[in-house]
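Chemist: Using only what follows, build the 3D model:
(one chain, ligands or ions: 1)
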Amino acid sequence: VRQLFPSPADPSDTPSDDAQVDPLEVYDEVREAPEGRPWVIVDMVSSVDGATAVAGRSGGLGGPGDKAVFRALRAVPDVILVGAATARVERYGPVRLDDEVRARRVARGQSSLPRLALVSGRLDLDPDAVMFTEAAETPLVFTTERAAEQGGRFEGRAELVALGPTSVDLTKAVAELDRRGAQVVLAEGGPHLNGQLVAAGLVDEWCQSVAPMLVAGDSARVAHGTDPAAPVRLVLHRLLEQDGYLFLTYRRAE
Ligand SMILES: NC(=O)c1ccc[n+]([C@@H]2O[C@H](COP(=O)([O-])OP(=O)(O)OC[C@H]3O[C@@H](n4cnc5c(N)ncnc54)[C@H](OP(=O)(O)O)[C@@H]3O)[C@@H](O)[C@H]2O)c1
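Modeler: You can find the predicted model right below:
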């Protein structure tokens, strides 16, 4: 993966190989959490024309560099946050990281694997799904008070946390993760979850992979459905490239 921004100090006399970087190294940065909540990263892939899915799933947008960046980002957080529709459609499994990455996490004082946290209002999730049965740590499920009352089937499979009468308050969900010691949260979508995170002012870093494809179709934009009071201003933090894929990292402007 080539780093295009920030560029090498003097590109004119720097051999192009110097721009090669290991995603595991570049995404492994110190992130200072804001007061009272963890640092929230969103990671999404889209086509050049903004599609987030091909035939209903994101896999058709992927490529080798994209997979390397996805894995490197998963090495970072204490918690991976995901909307129920994404977990259902993408058939989420338990979070797995290779031995080297797990060792790095432990060396910097984190648990060896991030914990999965789902958001589901209806609790239309299968407690026998492998993301529950094979998880190293029981996943959290942020849900509604009404659904939690009917959630007995998740006993021993997931920890249900009710955060609202009919929908989950995401500000409370992120505060709850803070209360449990999370310093970095990685949100993996989908677009409807992202839209709420943006509207609630909860996004600190946006990692956007742009796949060199035109897809058209009717998939949602990377963040969809909820308007923030005003657009959230960002600054470009890094740009990587591989095989025509762009890997953009933006951070919230101060
Ligand atoms: N390109 C990419 O990087 C990428 C990444 C992720 C997903 N995707 C694609 O995006 C699509 C799925 O995304 P999506 O936007 O439709 O759905 P989503 O954001 O993954 O999940 C929406 C669901 O999450 C639950 N939810 C979210 N916010 C809630 C709240 N405040 N209160 C209660 N429940 C809440 C609800 O679950 P219940 O229905 O259980 O109540 C809702 O139906 C799929 O096609 C997937 O392939 C693409």
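
Chemist: Please confirm that residue 240 is located within a strand.
Modeler: Yes. Under DSSP: H, G, I helix; E, B strand; the rest coil, residue 240 sits within a strand.

Chemist: Now do the same contact list for it.
Modeler: Residue 240 is in contact with 1-4, 21, 23, 26, 65, 69, 246-247, counting by CB atoms under 8 Å, 6 or more residues apart in numbering. Where C-beta positions appear, they are placed from N, C-alpha and C, glycine not excepted.

Chemist: per-residue pLDDT, it?
Modeler: With respect to pLDDT, residue 240 scores 98.

Chemist: Bridge partners for the closest residue to the ligand within the stretch 1-150 of the chain, pull those for me.
Modeler: Per CB to the nearest ligand atom, residue 83 is where the stretch 1-150 of the chain lies closest to the ligand, at 2.5 Å. Residues in a beta bridge with residue 83, per DSSP bridges, are residue 119.

Chemist: re the thing from before, include secondary structure and distance to residue 147 when you put the contacts of residue 240 into a markdown table, please.
Modeler: Formatted as a markdown table, the contacts of residue 240 follow (DSSP: H, G, I helix; E, B strand; the rest coil; distance: CB to CB, whole Å):
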| residue | secondary structure | distance to residue 147 |
| --- | --- | --- |
| 1 | coil | 41 |
| 2 | strand | 46 |
| 3 | strand | 44 |
| 4 | strand | 45 |
| 21 | coil | 44 |
| 23 | helix | 37 |
| 26 | helix | 40 |
| 65 | helix | 39 |
| 69 | helix | 34 |
| 246 | strand | 39 |
| 247 | strand | 37 |
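
Chemist: Tell me the secondary structure at the nearest residue to residue 58 once chain neighbours are set aside.
Modeler: Using CB to CB, 6 or more residues apart in numbering and skipping residues adjacent in sequence, the residue nearest residue 58 is residue 45, 5.9 Å away. When classified by three-state DSSP, residue 45 comes out as strand.

Chemist: Helices along the protein, start to end?
Modeler: 23-26, 64-74, 84-89, 99-107, 130-133, 145-149, 170-179, 191-199 (DSSP state H).

Chemist: How about the residues of the stretch 1-150 of the chain by the ligand?
Modeler: Residues of the stretch 1-150 of the chain lying close to the ligand by CB under 6 Å from any ligand atom are 44-46, 52-53, 56-58, 61, 83-86, 89-90, 119-122, 124.

Chemist: Skip the chain neighbours and tell me the closest residue to residue 178.
Modeler: Nearest one to residue 178, counting by CB to CB, 6+ apart, is residue 37 at 4.8 Å.
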